[in-house]
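Chemist: dropping the sequence and predicted coords here.
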Amino acid sequence: MSVCILQISRNDHLLRLMTWSKPLPQAHGGLRKIRGGVGLHLLTSEISAEIEEGMAALEELSGALGRKPYGDTEKKAGHGQNPEWFKNISTSLFRSPGDILLGGLFPINQLTSNLSQRMDPDDVRCDSVDQYGLAMALVMKYTVDEINASPELLPDVTLGFESYDCCRQPAVIMKPTMRFLAAGSSEELEVKCNYTEYMTRVTAVIGPCNSEVAAVIGKLLGFFLMPQVSYRATSDEFSDKMQYPSFVRTVPSDRWQATAMVQLLKEFSWNWVAVIGSDDDYGKQGKQQLSSMAVEEGICVAYEGLIPVYGDPVPVIREILEAINETKVGVAVVFSVSQATAAFFKEVIKMNMKLVWLASTAWAIQSSLTALPGIQTIGTVLAFVDMSQPVKLFSPYVHELFAKLEKERLLLGTPKPAPSTSPLDNPCADCWNLSSANASIVDTELVQRTAFSVYAAIYSVAHALHEALDCRENRCFRHPKYNKVYPWQVLQKLQKVSLDLNGAHIEFDKQGNPSIGYEIVEWIFQNNTVTFQNIGTFTRNITINTQSILWHTANSAVPASTCSSDCQTGQVRIVKGFHSCCFDCIDCKEGTYQNQTDDVQCTPCSPGLWSSLRSTNCELPTFTYLAWTSYEAIGLSVVGIVQLACQIGVGFLFFKHRGTAMVSAAGGPLCGLSLFSLMGGCVSLVLFFGQPGDTVCRLQQPLNVIFPTVTLSIVLAISLQHLSKYSSHNLCNENNYTQDYLCDRVPRKSSSLPGEPARAWQLDSGAGLLWASDGPLWVVCAGRPVADPLRSQPGSGFPDTVPVLSCGACPELWPYAGFEMGLLSLISFMCTFMAIKPVKTVQTLLGTLLSPAWPTVSILGRVYSHLCRSSDKEKAIAQVVVTLLSNQY
């Protein structure tokens, strides 16, 4: 037997390998610890002496060359002093003996075979090292070594571990899982009727790396109630304790992540988005949860798509991108595994699409995406990463470990493992030649941000063991060498764990989910590199520093992603199409208001309340009316008083000269009645001033119609008298049969109105009947109960006005009154022209001719005031002005 020895010359500083060809004597030195902490090896005293001398020369040589020796305990610049226990770490990467074993499942390698061509159960090859998975396995080794170096947590108890490759494949993960469930330290899985006292090989399992493979073994481990603490399985299905009773995790579930994403969308008012997922359990469940939560919060999902995980995804990805362009969304959520996402963004870069992309934790900080050529052209990326704490000594630990591995390989000439070596015996066939140069795999952003989840998982189990073993400061009262600790006992303690670790508080709820939230980071593109800037956090509510976000838009304005612009205050949405986010905005009219921001119709105000155009609430109305103190009321009152005084004066003169021919020619007593009617109309105008009440509303409109009707009736009577008087006089002076026939029947006497009492009575009674026919109508309208005399008038057409006090007018009044008064005016006008007037009657007839004109103007003015779209104040002014003008003549 020969041993490869590194020989160092002190004189010429030359390094060379020599072979120890002497037969090895019987080992009497046992396991000796090599200087510098290289490891424990079976060496003879002679070989040991040579290596001791060689190590001393190596340190001297390194100093002469200006390099630090391999065994130096200093970390890289900035790392500071390493703890003393670093000198004792073992170079065994995936196994460490102990009183209690933990099982670890990590994606140490990547799949290199085609599963579709698999012919036998073992025809699965994973030969390419996955640097991230290897780094996570190293986190487990570091954490176990750290716990063993601490005497407080598990005093006098050594924690061991066995790590295996899961290759992210269900076909691979079953073998190590079955080994975990083997009885004791054997390789056999016993079949028993009662597994309560069944002692498995390991006490708890850390992992695996994703939801798909975790589901494969989750129910199996749940049968044994073996604690399964996952550091990356985020599917919400594991919250179901009926199916996965022993599952807990140190990362939040996808449901929690979907909640955080929806809150982020709401934070920026993005309600028109696309949701893309990978075509696996992770992507499908995440997409479905996000879409359903978004709809509940009023966010419309314009498009949903799935990226193929197996096979060629490019054709499907192009269809997805074309659909995104057609929907014109500004934001897309990608809930996908990293491999599918990388293929997706390669096509995004080719199509030169710029959007806001929301990244799920599976690809948020993956270097395989940040290193894509042209990735800086895709727009803005906001990513969710699990909230974590730094594991400060992990990086120097790995540098120290790899340095020792390199020394060991140089000193002992460690050969490459045989290809036939089982993955269960050596999970990483290519890890035999690791060196210090490879230690940078743990310095990546992804590893630094996710190492804490593995670290917390192992510490959670260690604290559960602390309780299960009844440990105190110096000892554990139930040592595993003498007292068996079953996995189901550890599970009971694990579910109640509550600890503070590196500044974070760790505990699990009833579903096995941790009290951990998310950090929100933005991808910062600079000089063809991507860095990550923290912009917010999420625990139960989201907190965002919007000022620190660099958007891809002009002037770094927040991009919009809406189907329709938000409605303004006081507007409601009228949905168009199938999406509630696509709508037209309609104003709420007077008397209605917008109750909620997402209302689809305006809400009417309660009785007694009012709202203006585009209001969001109703309030007590402020009424407008023609107040006594207003300038309009004062001016109209002065005109009315002057007019009333003139009418009284004329009435006095008529009464004084009531027996004269002039008064008789003007109509005599009928003229006086007409004056009284006009004076009544002037006096009734006071009903239009001030705030109207119930009595005023009952009298206002009837009196405003009765007085003009009386006046027109008298005008009609006088017109008929003139027609009868002058026409009969002219006809009886002609000598023909028709005239004789008429003159025999019509008296020739042509006296004034008082001189013909019989004919005057007939004519006056005819006009009086026309006036009296209105009586029942006035009584009905004036006596009708006014249920709401002070009602508001919605839809008046004046959007900026407040409600007005409006009397409940009789609906039957104005059509009838307009017809009757118009008919009276028309007949009076016609009768005046039909009469053949003798000379010297021009002035009297002219007055009779014009007398119907002003009442006609009055009727038209009143009709206008009731039909025009104006407020009651303006209507009152119009009625008073028209009445005064009609009375003026």
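Modeler: The structure has been received and is ready for your questions.

Chemist: shaky segments in the stretch 51-200 of the chain?
Modeler: 51-80 (pLDDT under 70).

Chemist: okay, now the unreliable bits of the stretch 601-750 of the chain?
Modeler: In the stretch 601-750 of the chain, residues with pLDDT under 70: 623, 665-667, 721-750.

Chemist: which residue ranges of it form helices?
Modeler: With DSSP state H, counting those that start in this stretch as the criterion, the stretch 601-750 of the chain has helices at 631-656, 661-666, 669-683, 694-731, 737-745.

Chemist: other SSEs contacting the fourth one?
Modeler: So the one you mean is helix 694-731. helix 669-683, helix 737-745, helix 757-772, helix 775-783, helix 813-834, helix 842-850, helix 853-867, helix 872-888 (3 or more CB pairs under 8 Å, 6 or more residues apart in numbering; DSSP states H and E). Heads up, the C-betas are built off the backbone N, CA and C, glycines and all.

Chemist: at 6 Å what do you get?
Modeler: helix 669-683, helix 757-772, helix 775-783, helix 813-834, helix 853-867 (3 or more CB pairs under 6 Å, 6 or more residues apart in numbering; DSSP states H and E).

Chemist: can you give me the angle it makes with helix 669-683?
Modeler: 150 degrees (axes from the mean of the first three to the mean of the last three CA atoms, to 10 degrees).

Chemist: how far is helix 694-731 from where the chain is centred?
Modeler: 71 Å (CA atoms, centre = their mean, to the nearest Å).

Chemist: check which helices and strands whichever strand or helix holds Leu221 is in contact with.
Modeler: Element membership of Leu221 [criterion: DSSP states H and E] is helix 211-224. Using 3+ CB pairs under 6 Å, 6+ apart, the elements in contact with helix 211-224 are helix 170-180, helix 281-296.

Chemist: for stretch 340-356, list every residue counted as buried.
Modeler: For stretch 340-356, the neighbour count (16 or more other CB atoms under 10 Å) marks 340-348, 353, 355-356 as buried.

Chemist: name the residues that touch that stretch?
Modeler: 278, 307, 309, 313, 317, 321, 331-332, 334, 363, 368-369, 374, 378-380, 552, 559 (CB atoms under 6 Å, 6 or more residues apart in numbering).

Chemist: in strands only, show me the residues you listed.
Modeler: Within those, residues falling in strands by DSSP state E are 278, 307, 331-332, 334, 379-380.

Chemist: returning to that earlier point: what about burial for the contacts of stretch 340-356, which qualify?
Modeler: If we count by 16+ other CB under 10 Å, these have these buried: 278, 307, 309, 313, 317, 321, 331-332, 334, 363, 369, 378-380, 552, 559.

Chemist: distance of Val301 from Thr380?
Modeler: Going from Val301 to Thr380 by CB to CB, to the nearest Å gives 20 Å.

Chemist: Val705 now?
Modeler: 73 Å.

Chemist: let me see the ranges of the strands in the stretch 451-600 of the chain.
Modeler: For the stretch 451-600 of the chain, applying DSSP state E, counting those that start in this stretch gives strands covering 498-501, 504-507, 518-526, 529-538, 542-544, 571-575, 583-587, 592-593.

Chemist: what comes up buried for the fourth one?
Modeler: What that stands for is strand 529-538. Residues of strand 529-538 classed as buried under the neighbour-count rule (16+ other CB under 10 Å) are 530, 532, 535-538.

Chemist: the ones in strands among the contacts of stretch 340-356 into a markdown table, with extra columns for distance to Ser719 and pLDDT?
Modeler: Formatted as a markdown table, the ones in strands among the contacts of stretch 340-356 follow (distance: CB to CB, whole Å; pLDDT from 0 to 100):
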| residue | distance to Ser719 | pLDDT |
| --- | --- | --- |
| Ser278 | 97 | 94 |
| Ile307 | 95 | 96 |
| Val331 | 82 | 95 |
| Ala332 | 86 | 96 |
| Val334 | 92 | 96 |
| Gly379 | 88 | 94 |
| Thr380 | 88 | 95 |
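
Chemist: which one of these is nearest Ala504?
Modeler: Of all the ones in strands among the contacts of stretch 340-356, Val334 has the smallest distance to Ala504: 27.6 Å, by CB to CB.

Chemist: if we can go back for a sec, out of the strands of the stretch 451-600 of the chain, deepest packed?
Modeler: Here the criterion is mean neighbour count by mean count of other CB atoms under 10 Å, and of these the winner is strand 592-593, at a mean of 23.

Chemist: off-centre distance for it?
Modeler: Going by CA atoms, centre = their mean, where strand 592-593 is centred and where its chain is centred differ by 25 Å.

Chemist: now that strand: average pLDDT?
Modeler: Strand 592-593 comes out with an average pLDDT of 91.

Chemist: give me the contacts around that strand.
Modeler: Contacts for strand 592-593 (CB under 6 Å, 6+ apart): 602-604, 611, 615-618.

Chemist: if I look at the residue nearest the centre of the chain, how far off is Val381?
Modeler: Centroid-nearest residue in the chain, with CA atoms, centre = their mean: Lys266, separated by 3.1 Å. According to CB to CB, Lys266 and Val381 sit 19 Å apart.

Chemist: returning to that earlier point: can you add pLDDT and distance to Leu685 and give the buried residues of strand 529-538 back as a markdown table?
Modeler: Shown next, in a markdown table, are the buried residues of strand 529-538 (pLDDT from 0 to 100; distance: CB to CB, whole Å):
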| residue | pLDDT | distance to Leu685 |
| --- | --- | --- |
| Val530 | 93 | 84 |
| Phe532 | 94 | 81 |
| Ile535 | 95 | 72 |
| Gly536 | 94 | 71 |
| Thr537 | 94 | 74 |
| Phe538 | 95 | 72 |
